[in-house]
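Asker: sequence and predicted structure are below.
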Amino acid sequence: MRLRQAITLAVTLGVLSIAFFAPVRVRVNGTFWSHVFDVGHFPLLGWLAAVLFYTWPDRLQPDSRRYVVAFVLAAAFAAAVEIIQPHFGRTQDLGDFINGSLGAALALTGIAAWRRTNRWFWRGGHALALFITLGIALWPAYEEWRGLRWRQKHFPTLGDFENEEELRLWRAQGGSPGHASSIAFTRAHASQGEQSLRIVGGAGNWAGVNYDAGDKDWTPFRALVLDVFNPREPFRVFVRVDDNAAVAKFADRYEHGYDLVPGWNRLRILTAELERGPQNRRLNLKAIRRVAVFTGDHEAQRFWFLDNVHLETRDE
């Protein structure tokens, strides 16, 4: 192996090691960025496979053997990354290994298509396969982006539950194994518009729903308002609000219980009350990250309907 090739391979492995093992702390829109990072395995492992192919000694013939060796080594590196990552605070994911292996395969087949033939259909076919594969890989990130776009466009409405994109912002939480919470749109019990969000809180702990608030500025608003319909006997729900604190300990967030009577309940929480909420400090209303509505610890299974969640302006 020539010196230049060895340096290229060493630099590649160094950059990839930093990319795959350096701790990543994404605190806002984490699900979106997680999907984006997943797609990053395609170009990174494709780069490694290409470097391995071109740095492997030319005496390894035929070329088909060099392609196989480069792919096997790149796939082995992808597998090793997933095995080692948990020791660096990263998560192990079979999907990342698959994405990396596909990236290596696409890079090597692209090299073959451009080196071995001038026929347009081989090159065009590879470009089409690359486009389709990346499109499929990017689709989850695109779906999350639609939710972020809805939040930006409709703020200070947090949820009117008329658009599918909102399910990228509102997610079920809590319950217990076999009794997890679930959410779905329904035309029953809408306080405005045509739909509401039906929440089935699974039996267990802190069952309900949470909203990704995206570090939005709530200082221009007077109150958080939620319409909640309880179809059965009275029970209590809790509303939790987190700001951008690094660790949302109980003392660092607003959390308060509300007794729901049968029928409609309007919960109205003043932002001044939110700001006074934590025991040890004031909530940062300029960067609200999360809102959650849930039942208590060891609560029986409950279901209720949520609608017209919004911030009330000071002029209302």
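Answerer: Great, that's in hand.
Asker: how about Phe131, what does it touch?
Answerer: Residues near Phe131 by C-beta atoms under 8 Å, 6 or more residues apart in numbering: none. Every C-beta, even on glycine, is put in place using the N, C-alpha and C of the backbone.
Asker: what's the first helix or strand after the biggest helix by length in the chain?
Answerer: Counting by DSSP state H, the longest helix found in the chain is helix 120-154. As assigned by DSSP states H and E, the chain's next helix or strand after helix 120-154 is strand 157-159.
Asker: how about stretch 161-178: buried residues?
Answerer: Residues 161-163, 165-170, 172-175 are the ones in stretch 161-178 that count as buried (16 or more other C-beta atoms under 10 Å).
Asker: ok, these vs Thr295, which is closest?
Answerer: Gly174 (7.9 Å; C-beta to C-beta).
Asker: and that closest one, how far is that from His298?
Answerer: Distance of Gly174 to His298, given as C-beta to C-beta, to the nearest Å: 11 Å.
Asker: tell me how far stretch 289-309 lies from the chain's centre.
Answerer: Averaged C-alpha coordinates place stretch 289-309 at 21 Å from its chain's average position (C-alpha atoms, centre = their mean, to the nearest Å).
Asker: show the contacting residues for Ile288.
Answerer: Contacts of Ile288 by C-beta under 8 Å, 6+ apart are 213, 215-218, 241-244.
Asker: now those residues: which count as buried?
Answerer: Looking at the contacts of Ile288 with 16+ other C-beta under 10 Å, the buried ones turn out to be 213, 215-216, 218, 241-244.
Asker: wait, which of the residues you listed is closest to Ala50?
Answerer: Asp215 (38.7 Å).
Asker: excluding its backbone neighbours, what's nearest that closest one?
Answerer: Nearest residue to Asp215, sequence neighbours excluded (C-beta to C-beta, 6 or more residues apart in numbering): Ala287, at 4.2 Å.
Asker: take the buried residues of stretch 161-178 and keep only those in strands.
Answerer: Using DSSP state E, the subset of the buried residues of stretch 161-178 located in strands is 170, 172-175.
Asker: in the stretch 201-316 of the chain, where is pLDDT below threshold?
Answerer: Along the stretch 201-316 of the chain, the model assigns pLDDT under 70 to residues 246-252, 277-281, 315-316.
Asker: list the contacts of stretch 63-71.
Answerer: Residues contacting stretch 63-71 (C-beta under 8 Å, 6+ apart): 49-50, 52-53, 56, 60, 101, 104-105, 108, 111-112, 116.
Asker: okay then, goodbye and thanks.
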